[in-house]
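Chemist: below are the sequence and a predicted model for it; my questions follow.
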There are 2 protein chains.
Amino acid sequence: MPRASVVGAGMTEFGPHDKTLSELFAEAALPAMADAGVERGDVDALFVGNTLGGTTENDTHLGPKLASHVGLAGVPTQRFEDACATSSNAFKHAVRAVESGPHDVVLVGGVERCTPETGLDTPEMTKAFVSAADRQYEQPAGITFPGVFGLLTKRHMHEYGTTEEQLARVAVKNHANGTLNPRAHFGKETDVESVLDSPLVADPFRLMDCCPFSDGASAVVVASEAFADSFDAPVDVTGIGHATDIVPIADKERLTATHSAREAASQAYEEAEIGADDVDFCELHDCFTGAEVLATEALGFFADGEGGPAAEAGRTELDGEIPINPSGGLKAKGHPIGATGTAQIVELTEQIRGEVGSRQVPEATTGLAHNLGGDTATTLVTVMEART
Amino acid sequence: MPRASVVGAGMTEFGPHDKTLSELFAEAALPAMADAGVERGDVDALFVGNTLGGTTENDTHLGPKLASHVGLAGVPTQRFEDACATSSNAFKHAVRAVESGPHDVVLVGGVERCTPETGLDTPEMTKAFVSAADRQYEQPAGITFPGVFGLLTKRHMHEYGTTEEQLARVAVKNHANGTLNPRAHFGKETDVESVLDSPLVADPFRLMDCCPFSDGASAVVVASEAFADSFDAPVDVTGIGHATDIVPIADKERLTATHSAREAASQAYEEAEIGADDVDFCELHDCFTGAEVLATEALGFFADGEGGPAAEAGRTELDGEIPINPSGGLKAKGHPIGATGTAQIVELTEQIRGEVGSRQVPEATTGLAHNLGGDTATTLVTVMEART
């Protein structure tokens, strides 16, 4: 099958924005198009990710609305929604569309507003977020996402002896990386003591184990193999995996395995014809520190139970053997839900191009993105590689 | 390109349902799978359409939730949202996925609840619906969808002399067809006088010019060319068009032309290698009686301005030259938003198979579905044909 490539990337700063979804999306989409050097008439389609706009801003049917706002009125477009994996799924469909022929150049991105700029307070936004959890059993029981990932992580601590200090090290690393990313929601360092002293949210997570609610947008231009050569610096998409797991979490076979991540990773590695050892750096879904530990194991970077000690030993730091979340991750870069997936693709693109300055991973030729939705019910894994 | 075929179809009755989205979807999905004769292990993926579940029931991330509920946990799945065109777009992506190779058998469907069974009253549901209209200009101005389509229709009356009596004839016809459809929300006839005597909603529309808010679900099984032959009665998908138009309506070039419908129809006819004259019957998006008149012109069944007189002359009735909405359409069958698109595909499938009893269109070998979203900003047109 012919390959697809990312030929342009753009994103806003993540953090509070007092703008409509259309305005915010344009601030990622137009830079992505400019970066690619494409004009309006060159773009065949727009694939849009947004998770909560209906609830938070009474704004749905965003495909044609965003298209109109960025000068693409008339192109085929639709909105995807898969909780926190929303724009990765839009990206997957854009890649498959250019690989299989219907389109040659697709703009794909995500946009979300989750901060008090929406007019919603934290309890209201927490209720909106938890719409992605099981409606029949989990929501009535009052289990929100810190609780969901707290359960998974607590079980990991029980099975493998993972410690709160090891979790805190994930937060410390991602905050350190975030200070090097001018688009990050949080730009200041933290330390293990500060994380462990922060207020308890859902055992074992303290406030500093949790990513923030952010506003933001991200977008990339995907081109077919036939077109990609005409661009300056195409970065190839060599593998995508997409798998799901049963809902609710009570029905999952093994909580700490995050089955959908293992299956999606397996698919992506197979399509890219690489293994975990070939990955130079990774952007993964660290909605909570424990989620990063579980993901580093599910992706095959470390054996089961080794994710905590690996974080503690610095193996995932920017100068470690497998840098994880050089962007700062969801923890420090921020988490505007529907924009997170393609923001990971932006970081992979810019890292592989060698454009990210002080957070540059040396010899970053193969990058992997891991984006999950809900209680790990959806996971998308994407492998991108420099042209050789 | 290899073709895709619909090999199984199922839907619930449309009307009030006191069930969760997962339960309701299962009542369409499981019959569709049984109709196709596929088991759980045969289905590669689930493409889901839902429009307002986040707002109405705090229920998002429906891909894995619905998959889990119908025994498909683990398959790739995602939710599509494109206002009233939601599940047609999911269907398009399912068709393209089996045509281009990633999947062989895909379950695709939509589900929605919009009636007071959700706990929301008409003003609250009206606000939820209008999330699909322009957020910056139209919503603050208080223009809801009866107003949007009222404007389009009023302009049509101005340009062509279309009359309220002609509009009423659309309602009368669709209600008559609805009495023949056991799954229709409304099962009783009406007459021109009753329509014209019903309360004014948004000039020129009276209550009986408007489709209802319904609950319901619909689903079909799509199979690739390589697989379709093994099924009993495959109906081929020979053309799909998907086009969009600028938002807000103030920016549209010509209100009565419904540009996206013309463009989508043109694409679908070209792909199917047919013209409007070859279509034996049509399911189209009659959210309001005026919308049906505009659509019959945009699809090429009648010249511009002839849609009203054609309805009045009975040319679109079940025994007319081009039967429109034999199912009863949105007007009488009902309109559970995210379920409407694939419900049209269900009707096309069952008509072409000759299975719909007293509302059967004679020699129904070529059917066309037209499904629009928002203020006609999105339109999907699908052509399906009997195997020859």
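Modeler: Here it is on my side, so go on.
Chemist: what confidence value was assigned to A:Met1?
Modeler: Looking at A:Met1, its pLDDT is 57.
Chemist: what about stretch A:239-248, near chain B?
Modeler: Yes. Interface with chain B: stretch A:239-248 contributes A:242-247 (C-beta under 8 Å from any C-beta of the partner chain). Backbone N, C-alpha and C define where each C-beta goes, glycine included.
Chemist: format those residues as JSON lines; extra columns: secondary structure.
Modeler: Shown next, in JSON lines, are the residues of stretch A:239-248 next to chain B (DSSP: H, G, I helix; E, B strand; the rest coil):
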{"residue": "A:His242", "secondary structure": "strand"}
{"residue": "A:Ala243", "secondary structure": "strand"}
{"residue": "A:Thr244", "secondary structure": "strand"}
{"residue": "A:Asp245", "secondary structure": "coil"}
{"residue": "A:Ile246", "secondary structure": "coil"}
{"residue": "A:Val247", "secondary structure": "coil"}
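Chemist: quick check: the residue of chain A nearest chain B.
Modeler: Relative to chain B, the nearest point of chain A is A:Ser100 (3.3 Å; C-beta to the nearest C-beta).
Chemist: list the contacts of that residue.
Modeler: A:1, B:96, B:99-102 (C-beta atoms under 8 Å, 6 or more residues apart in numbering or on different chains).
Chemist: interface residues of the stretch 201-350 of chain A facing chain B?
Modeler: Applying C-beta under 8 Å from any C-beta, one finds that the stretch 201-350 of chain A approaches chain B through A:242-247, A:251, A:259-260, A:263.
Chemist: now with 7 Å, please.
Modeler: A:242-247 (C-beta under 7 Å from any C-beta of the partner chain).
Chemist: from those residues, keep the buried residues only.
Modeler: Listed as buried from those are A:242-247; burial here means 16 or more other C-beta atoms under 10 Å in any protein chain shown.
Chemist: in JSON lines: these, plus distance to B:Thr144.
Modeler: Below are those laid out as JSON lines (distance: C-beta to C-beta, whole Å):
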{"residue": "A:His242", "distance to B:Thr144": "37"}
{"residue": "A:Ala243", "distance to B:Thr144": "40"}
{"residue": "A:Thr244", "distance to B:Thr144": "36"}
{"residue": "A:Asp245", "distance to B:Thr144": "40"}
{"residue": "A:Ile246", "distance to B:Thr144": "39"}
{"residue": "A:Val247", "distance to B:Thr144": "34"}
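Chemist: could you dump the residues you listed to a markdown table with pLDDT and distance to B:Arg135?
Modeler: Formatted as a markdown table, those follow (pLDDT from 0 to 100; distance: C-beta to C-beta, whole Å):
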| residue | pLDDT | distance to B:Arg135 |
| --- | --- | --- |
| A:His242 | 97 | 30 |
| A:Ala243 | 96 | 34 |
| A:Thr244 | 96 | 31 |
| A:Asp245 | 96 | 34 |
| A:Ile246 | 96 | 36 |
| A:Val247 | 95 | 31 |
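Chemist: follow-up on the earlier one: need the contacts of A:Ser100 in JSON lines with distance to A:Met11, can you?
Modeler: Putting the contacts of A:Ser100 into JSON lines (distance: C-beta to C-beta, whole Å) gives the following:
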{"residue": "A:Met1", "distance to A:Met11": "28"}
{"residue": "B:Arg96", "distance to A:Met11": "28"}
{"residue": "B:Glu99", "distance to A:Met11": "33"}
{"residue": "B:Ser100", "distance to A:Met11": "29"}
{"residue": "B:Gly101", "distance to A:Met11": "32"}
{"residue": "B:Pro102", "distance to A:Met11": "28"}
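Chemist: so which of those is the closest to B:Ala369?
Modeler: Minimum distance to B:Ala369 across the contacts of A:Ser100 is 16.1 Å, recorded for B:Arg96 (C-beta to C-beta).
Chemist: for that closest one, what are its contacts?
Modeler: Residues near B:Arg96 by C-beta atoms under 7 Å, 6 or more residues apart in numbering or on different chains: A:Pro102.
Chemist: which residues in the stretch 201-350 of chain A form strands?
Modeler: Using DSSP state E, counting those that start in this stretch, the strands of the stretch 201-350 of chain A run over A:205-206, A:216-224, A:235-244, A:281-283.
Chemist: now do the SS call for the closest residue to A:Phe25 other than its chain neighbours.
Modeler: Counting by C-beta to C-beta, 6 or more residues apart in numbering or on different chains, A:Phe25 lies nearest to A:Val111, which is 4.1 Å off, once chain neighbours are set aside. Using three-state DSSP, the secondary structure recorded for A:Val111 is strand.
Chemist: bridging residues for A:Val111?
Modeler: Counting by DSSP bridges, A:Val111 is bridged to A:Ala217.
Chemist: ok, the nearest residue to A:Ile246 once chain neighbours are set aside - how many residues close by?
Modeler: Of all residues beyond its chain neighbours, the one nearest A:Ile246 is B:Ala73 (3.8 Å), with distances taken as C-beta to C-beta, 6+ apart. Look at B:Ala73: counted by other C-beta atoms under 10 Å in any protein chain shown, it has 21 neighbours.
Chemist: B:Ala73 in helix, strand or coil?
Modeler: Following three-state DSSP, B:Ala73 is assigned to coil.
Chemist: what sits against A:Ala276?
Modeler: A:299-301.
Chemist: what do you get for A:Tyr137?
Modeler: With contact set as C-beta under 7 Å, 6+ apart, A:Tyr137 has these partners: A:248, A:250.
Chemist: what distance separates stretch A:355-374 from the middle of the whole chain?
Modeler: Here stretch A:355-374 is found 11 Å from its chain centre; the criterion is C-alpha atoms, centre = their mean, to the nearest Å.
Chemist: do stretch A:91-98 as well
Modeler: Distance, centroid of stretch A:91-98 to centroid of chain: 17 Å (C-alpha atoms, centre = their mean).
Chemist: hang on, the earlier thing: go through the strands of the stretch 201-350 of chain A and pick out the most buried.
Modeler: strand A:216-224 (a mean of 31; mean count of other C-beta atoms under 10 Å in any protein chain shown).
Chemist: who does that strand touch, helix- and strand-wise?
Modeler: Secondary-structure packing of strand A:216-224 (3 or more C-beta pairs under 7 Å, 6 or more residues apart in numbering or on different chains; DSSP states H and E): strand A:4-11, helix A:21-36, helix A:86-100, strand A:105-112, helix A:337-353.
Chemist: mind checking pLDDT for the residue nearest to A:Ile246?
Modeler: As predicted, B:Ala73 sits at a pLDDT of 94.
Chemist: wait, A:Gly290 touches A:Gly147, no?
Modeler: No. Using C-beta atoms under 7 Å, A:Gly290 is not in contact with A:Gly147; the gap is 11.9 Å.
Chemist: who has more neighbours, those two?
Modeler: Higher neighbour count among A:Gly290 and A:Gly147: A:Gly290, with 29 against 19, using other C-beta under 10 Å.
Chemist: am I right that A:Lys188 sits in a helix?
Modeler: No. A:Lys188: not assigned to a helix; according to three-state DSSP it is coil.
Chemist: which one is it nearest to, not counting chain neighbours?
Modeler: Using C-beta to C-beta, 6+ apart and skipping the chain neighbours, the partner closest in space to A:Lys188 is A:Thr179 (6.5 Å).
Chemist: contacts only, for that neighbour.
Modeler: A:187-189.
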